[in-house]
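Q: Compute the structure for the input listed below.
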Amino acid sequence: MAAKKPFALRLDEKMMKAVEKWAEDEFRSTNGQLEWIIREALKKAGRLPKSTQSESESS
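A: Numbering: from 1, shown residues only. Presented below is the predicted three-dimensional model:
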């Protein structure tokens, strides 16, 4: 698995609360939920590198 790169993300308070609730409903951490949302959006847009797609499918 590739190393993870930390970065700051600023979200509106209401949006953050919605993500936290969604993460809770899916039994994920907030960070895990954000990663999943971004990964799914990248896949849908056809912008996820093939090596990353196969890694996420094996998880």
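
Q: Which helix or strand contains Ala23?
A: Counting by DSSP states H and E, the element that carries Ala23 is helix 13-25.

Q: Can you spell out which helices and strands pack onto that helix?
A: In this structure, helix 13-25 packs against helix 30-44, with contacts taken as 3 or more CB pairs under 8 Å, 6 or more residues apart in numbering; DSSP states H and E. The C-beta positions use only the backbone N, C-alpha and C, and glycine is treated the same way.

Q: how far does stretch 18-28 sit from the chain's center?
A: For stretch 18-28, the distance from its own C-alpha centre to the chain's C-alpha centre is 12 Å (CA atoms, centre = their mean, to the nearest Å).

Q: Counting neighbours, which bits of that stretch end up buried?
A: By 16 or more other CB atoms under 10 Å, the buried positions in stretch 18-28 come out as Val19, Ala23.

Q: Let me see the mean pLDDT of that stretch.
A: Predicted confidence along stretch 18-28 averages 98 (mean pLDDT).

Q: and if you look at stretch 36-45?
A: If you average the pLDDT values across stretch 36-45, you get 96.

Q: chain center to that stretch, what's the gap?
A: Distance, stretch centre to chain centre, for stretch 36-45: 8 Å (CA atoms, centre = their mean).

Q: Next, the buried residues of that stretch.
A: Counting neighbours by 16+ other CB under 10 Å, stretch 36-45 gives no buried residue.

Q: Can I get it in PDB, CA atoms only?
A: Coordinates of each C-alpha in stretch 36-45 appear next as PDB, following Å, rounded to 0.1, in the frame of the first residue of the first chain:
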ATOM      1  CA  TRP A  36     -13.800   6.400   0.200                       C
ATOM      2  CA  ILE A  37     -15.700   9.300  -1.200                       C
ATOM      3  CA  ILE A  38     -12.700  10.600  -3.100                       C
ATOM      4  CA  ARG A  39     -11.700   7.200  -4.400                       C
ATOM      5  CA  GLU A  40     -15.300   6.500  -5.700                       C
ATOM      6  CA  ALA A  41     -15.400  10.000  -7.400                       C
ATOM      7  CA  LEU A  42     -12.000   9.300  -9.100                       C
ATOM      8  CA  LYS A  43     -13.200   5.900 -10.300                       C
ATOM      9  CA  LYS A  44     -16.400   7.300 -11.600                       C
ATOM     10  CA  ALA A  45     -14.500  10.000 -13.500                       C
END
